[in-house]
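# here's my sequence, what's the structure:
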Amino acid sequence: MTDLADRRGAGADVYQPAEDTHLLATAAVGELDDPYARVLDVGTGSGYVAATVRDETGADVVGTDLNPFAVRQAADRGVPVVRGDLVAPFRDDAFDAVVFNPPYLPREDDTRDDWMDVALSGGDTGRRVIESFFDAVGRVLAPDGVVIMLVSTLTGVDEVAAYAGDRGFSAAAISEESFPFETLTVLKFRR
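Predicted coordinates:
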């Protein structure tokens, strides 16, 4: 009974697929056409993006997430997943592509009291986790590897591209969708 109760509660603790998730998954599938690609889905959440990329491209996809409930949901979806922070659990040059739907909502009060706060809050600018990601992701990318990331106008698309540029990445927009309160852009980064 406890396991069933844990599973019922886990849905509220894991970010579920929404407009941003679908936009990122569709863009990633469109960019990743190599069935031999090794792909990492950072902050995999429910595992939707990882499973979609795997199923649509045939790529070898693994996910990572800090949230133990997310790790369980992604595994239930058949996604190999590791509990860990960003790219820390992986060896150098391990991936041809890294996909990321980061926590990007700007919040003055950056208390992260529950797993949904961790999944959504990007600090006062919305870029705290994104910047930590770009400080680390180059290590796990293969020499010709790419990063495919969703960014919101709430976070600052130009600011994210500039930060990544300072770490040796160039950015190109590959997909975009506008909503009343924000525009979501999927960026592809190369070194």
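# ok but residue 143 is inside a strand, no?
Yes: counting by DSSP: H, G, I helix; E, B strand; the rest coil, residue 143 falls inside a strand.
# does it really touch residue 94, like I thought?
No: using Cβ atoms under 8 Å, residue 143 makes no contact with residue 94, being 11.9 Å away. From N, CA and C alone the C-beta is placed, and that goes for glycine too.
# can you list the low-confidence ranges for the chain?
By pLDDT under 70, the low-scoring segments of the chain are 1-11, 104-106, 109-122, 124, 126.
# and residue 143 and residue 94? Which one has more around it.
Just comparing residue 143 and residue 94: by other Cβ atoms under 10 Å the higher neighbour count belongs to residue 94, 17 against 7.
# what separation do you get for the residue nearest to the more buried one when sequence neighbours are not counted and residue 79?
In this structure, residue 94 finds its nearest non-sequential neighbour in residue 140, 5.1 Å apart by Cβ to Cβ, 6 or more residues apart in numbering. Between residue 140 and residue 79 the distance, using Cβ to Cβ, to the nearest Å, works out to 18 Å.
# do the same with residue 191
Residue 191 is 26 Å from residue 79, by Cβ to Cβ.
# with neighbour numbers in mind, choose between those two.
Neighbour count, other Cβ under 10 Å: between residue 191 and residue 79, residue 79 has more, with 22 against 15.
# now the residue nearest to that one when sequence neighbours are not counted. Its backbone dihedrals?
Spatial nearest neighbour of residue 79, excluding adjacent residues (Cβ to Cβ, 6+ apart): residue 47 at 4.0 Å. Main-chain torsions, residue 47, degrees, to the nearest 10: phi 90, psi 10.
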